[in-house]
Structures are given as structure tokens and as C-alpha cells.
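Q: here are the coordinates; sequence isn't available:
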């Protein structure tokens, strides 16, 4: 169901605003993964930051999977990690205007924009699966730098991303 260039490709996107303390978590994890350089072949890393529209356009190239790394609020203790799989068939609750906010797009808005772009271009779904590796933030106020519990979660999150993409690459031929 994915685009023609998707076979075996996984995109890991770090999202968030580094000027809002723990919202920069995704960017910090991507930086860590780039320094480590231990991901399997076929995995691309991108520091998307707050450029959700750019991410939607990049996904039009077709990927087997997208792993979004972000700060997510789920009511847990700060620094708690969550790995979630997004239901791509669930209805999107975002409006087109919200999806076009290039500086504040959450994953659902990015996927809504992607659906619209792919449909207007006559493309099949350009990404087969979407995961979120998220961290419960402690501070989302203006400021640079992660809080101690979120900073401590960067390396475990990088390990979780590495394990997830490794399984995705191994399962490449497995039916869904």
C-alpha cells in the first residue's frame, strides 16, 4: 500500500521546539542517534523540529514506517517513555487549517496533511506504519535545555528507537 520507494525504508523524525524546554526531547534523541551511528541500513534520521509540513512532504517519497520521537503528555511521571503505534485508518479529527500550521503540527495533523497531499497526487498511502516513541515532559515553558528526568530518558529512548527500527527492518518481508 505504500509508495514505490518505500521498500525497506524507515524514517525516524525527531519533532519538537528546542526553545520550549522538554518539547525539544525528539530533537535531542535524533542528535544522540546521529552521534551513535548504530542504526541499520535503510533507516533515515531527520531533525524535523517544528517543521511538520516539511515532514509530510518528505513522507510522500514513500516509507515502510515512520517513527516519530516527541514529548507526549499521558499523565505519567516526567521522563516516562511510551511507545505507541498510530492507527492510520482512524478518522482524523484535525481540520485542514490546523494541518497547515507549519509551526505547530502534532503527529495527527502531519498525517492528515499527508493523506490530503497523497490523495491530491493520486498516490497510495505513502507510509505503511507509524509509531511514536514519546517521553512525558516535566517542563514545557520557554527555556533551552531538557529537565533532568527528560534528559535522563534520551539514551533509553535512543535504545528503544534502535530496537524498534531493527525489528521493523527484520520484519520487512513479513505480512501485515
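A: Cool, the structure landed. Treat the numbers as computed from the prediction; the structure is a model and nothing was measured. Residues are numbered from 1 along each chain as shown.
Q: And for the residue lying closest to residue 60 once chain neighbours are set aside, the neighbour number?
A: Closest residue in space to residue 60, ignoring its immediate chain neighbours: residue 126 at 5.4 Å, by Cβ to Cβ, 6 or more residues apart in numbering. C-beta: built from backbone N, CA, C; applies to glycine. Here the number of neighbours of residue 126 (other Cβ atoms under 10 Å) works out to 24.
Q: any idea how far residue 126 is from residue 35?
A: Between residue 126 and residue 35 the distance is 29 Å, computed by Cβ to Cβ, to the nearest Å.
Q: picking up where we left off before, next one, pLDDT for the residue nearest to residue 60 please.
A: According to the predicted model, the pLDDT of residue 126 comes to 79.
Q: Now do the buried residues in the longest helix seen in the chain.
A: Ranked by residue count and defined by DSSP state H, the top helix of the chain is helix 154-170. Judged by neighbour count (16 or more other Cβ atoms under 10 Å), helix 154-170 contains these buried residues: 154, 157-158, 160-162, 164-165, 168-169.
Q: In JSON lines: the residues you listed, plus distance to residue 67.
A: Formatted as JSON lines, the buried residues of helix 154-170 follow (distance: Cβ to Cβ, whole Å):
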{"residue": "154", "distance to residue 67": "15"}
{"residue": "157", "distance to residue 67": "11"}
{"residue": "158", "distance to residue 67": "11"}
{"residue": "160", "distance to residue 67": "9"}
{"residue": "161", "distance to residue 67": "6"}
{"residue": "162", "distance to residue 67": "10"}
{"residue": "164", "distance to residue 67": "6"}
{"residue": "165", "distance to residue 67": "6"}
{"residue": "168", "distance to residue 67": "8"}
{"residue": "169", "distance to residue 67": "12"}
